[in-house]
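Student: this one's structure only:
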C-alpha cells in the first residue's frame, strides 16, 4: 500500500490568510516532515482489519497520526477526538478532510491502541526507527548508555475496581517511595538516541535489566551507580555477554574521596568525565517526561504502558533529531 498524505482542503484555504502560526502548528509541521510514515504504516498494515467483516475501518494512514497526537500532548481518547475536531493543525497532521471523512471517535481510538498492544507494534515502531537511523548512518555503534526512570501510577483506590493497578509495584529511592512502573532505556553513546526500551514494575532493580539493554556489537557501556555488578549478570537472549563488555559505572558518592583527601582532584575529575558522557541518556527522559508530560501512567497494566513508552521513546528520538536539524529523507512521505 502506498501512503498518501492529504494536500489540503477548503478549510485549509480559508485559514491560509492567518498571519501567525501557533506553536502547535509549527511543531506538527516539523514532526510531519520527519516521521517515517511509510515504514510505520507498512508495519501496522499487516495487522490492520481488512474491512471484509463489520464496519469499514478508519483509513490506515489516519489512525497512526491520532496515536502520535495522544503521546505528544498526553491526551485521553476523548481529548484526542476533541483536539482533532477543534484544531485545524491537528486535522491537517492526521490528514482528515472534514468534508469527506469523519474524525476517529473515542471508541475507535482504544481499539487501534489495543491492536498495537496485542501485536507488540509499539516496540516494532521503535525497532523500525532504529533500523532507519542505522541505514542513514545517523546512529553510531559500539557503545551504549543505560539508565532508568520511574513512571508513577495512581495509588488511589477510588475507582470502579476499588483497587490499584495490580501489575504496578512500589519502590524506594532515597527517602521517597514511588508506585508504578520503571522505564529502562539503552541509548547510543554517540548520539544519545534511544535504541532499546524495557518496561518493568517499579520494584525491579536497574542492574537486573541492564544486560537486555545492550546491542550485539556494544563493546562498552556507561551506567549509573545503581548498575553496579552488571558485569556479573546473566546474559540476556540475543544480547552480548555482560562479562565481555567494558562497564564504566559511576561510583557512589559515599565512596568518592572527600575534599581533604590527597587524591580528590583526580577521582572527581574521572567521575566528572564519566558524567558528561552519561548525561546524554537524560535527554530522551527529559523529552518524554517534561515535553510530552508522561510523568504518570494513563493506563493500567504492564503491556499497555510498555506500548505507550516504546512509542514515546521513538517520538523522543524524532524530536531530538528535529531539534538538531536532521531529517530521515528520502524515505519520509
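Tutor: Cool, got the structure. On a predicted model such as this, the values are computed, not experimentally measured, just so you know.

Student: So which elements touch the longest strand anywhere in the chain?
Tutor: Longest strand in the chain by number of residues (criterion: DSSP state E): strand 176-188. Identification of packing neighbours for strand 176-188 by 3 or more C-beta pairs under 8 Å, 6 or more residues apart in numbering; DSSP states H and E yields strand 143-152, strand 169-173, strand 194-201, helix 206-209, helix 282-286, helix 302-323. From N, CA and C alone the C-beta is placed, and that goes for glycine too.

Student: which is the next helix or strand following the shortest one?
Tutor: Which is helix 206-209. strand 220-223 (DSSP states H and E).

Student: Give the next helix or strand downstream of that following strand.
Tutor: The first helix or strand that comes after strand 220-223 along the chain, using DSSP H and E, is strand 246-249.

Student: Just the residues contacting that following strand, thanks.
Tutor: Residues from elsewhere that reach strand 246-249, judged by C-beta atoms under 8 Å, 6 or more residues apart in numbering: 219-225, 227-228, 230-231, 274, 277.

Student: And the next helix or strand past the one helix or strand in the chain whose mean pLDDT sits lowest?
Tutor: Ranking every helix and strand in the chain by mean pLDDT, DSSP states H and E puts helix 10-14 at the bottom, with a mean of 55. Counting by DSSP H and E, the next helix or strand C-terminal to helix 10-14 is helix 23-34.

Student: which other residues reach that following helix?
Tutor: Taking C-beta under 8 Å, 6+ apart as the rule, helix 23-34 contacts 5, 68, 72, 87, 89-90, 92-93, 315, 318-319, 321-322, 326-328, 332.

Student: In helices, which of those appear?
Tutor: Among the contacts of helix 23-34, DSSP state H puts 68, 72, 89, 90, 92, 93, 315, 318, 319, 321, 322 in helices.

Student: Now do the fourth one, the pLDDT please.
Tutor: The score at residue 90 is 91. That number is its pLDDT.

Student: how many other residues sit next to it?
Tutor: Applying other C-beta atoms under 10 Å, we find 24 residues neighbouring residue 90.

Student: For it, give me its contacts.
Tutor: 24, 28, 69, 83, 84.

Student: run the last query once more with 7 Å
Tutor: Residues in contact with residue 90 (C-beta atoms under 7 Å, 6 or more residues apart in numbering) are 28, 69, 83, 84.

Student: Just to check, the last one is in contact with residue 94?
Tutor: Yes - with contact taken as C-beta atoms under 7 Å, residue 84 and residue 94 are classed as touching, separated by 5.9 Å.

Student: which residues do the two both contact?
Tutor: Here residue 84 and residue 94 have residue 66 as joint contacts, going by C-beta under 7 Å, 6+ apart.

Student: count of residues packed around residue 36?
Tutor: Neighbours of residue 36 (other C-beta under 10 Å): 21.

Student: any idea how far it lies from residue 140?
Tutor: 19 Å (C-beta to C-beta, to the nearest Å).

Student: Give the buried residues for stretch 206-222.
Tutor: 206-215, 218, 221-222 (16 or more other C-beta atoms under 10 Å).

Student: Please give the number of neighbouring residues around the spatially closest residue to residue 217 that is not a sequence neighbour.
Tutor: Closest residue to residue 217 apart from its sequence neighbours, by C-beta to C-beta, 6 or more residues apart in numbering: residue 141 at 5.3 Å. Here the count is done by other C-beta under 10 Å, and residue 141 has 15 residues near it.

Student: quick one: residue 141 and residue 216 touch, right?
Tutor: No - here residue 141 lies out of contact with residue 216, judged by C-beta under 7 Å, at a distance of 9.6 Å.

Student: Between the helices and strands packed on strand 176-188, which one is closest to residue 112.
Tutor: Ranking the helices and strands packed on strand 176-188 by their distance to residue 112 (criterion: C-beta to C-beta) puts helix 302-323 first, at 11.2 Å.

Student: Show me what counts as buried in that closest one.
Tutor: 302, 304-322.

Student: Next, the angle from it to strand 194-201.
Tutor: Per axes from the mean of the first three to the mean of the last three C-alpha atoms, to 10 degrees, the angle that helix 302-323 makes with strand 194-201 is 150 degrees.

Student: Is there a neighbour count for residue 173? I'd like the number.
Tutor: The number of residues packed near residue 173 is 10, by other C-beta under 10 Å.

Student: Go ahead and confirm residue 215 touches residue 189.
Tutor: No - if you go by C-beta under 7 Å, residue 215 and residue 189 don't touch, sitting 10.4 Å apart.

Student: who touches both of these two?
Tutor: Taking C-beta under 7 Å, 6+ apart as the contact rule, residue 215 and residue 189 both touch residue 144.

Student: Need the pLDDT of residue 268.
Tutor: Residue 268 is given a pLDDT of 70.

Student: swap in residue 7?
Tutor: pLDDT at residue 7 comes out at 51.

Student: again with residue 262
Tutor: At residue 262, pLDDT is 57.

Student: just residue 17 next, same as before
Tutor: Residue 17 is given a pLDDT of 59.

Student: Tell me which residues touch the residue lying closest to residue 319 once chain neighbours are set aside, please.
Tutor: Using C-beta to C-beta, 6+ apart and skipping the chain neighbours, the partner closest in space to residue 319 is residue 287 (5.3 Å). Shown in contact with residue 287 (C-beta under 7 Å, 6+ apart): 316, 319, 320.
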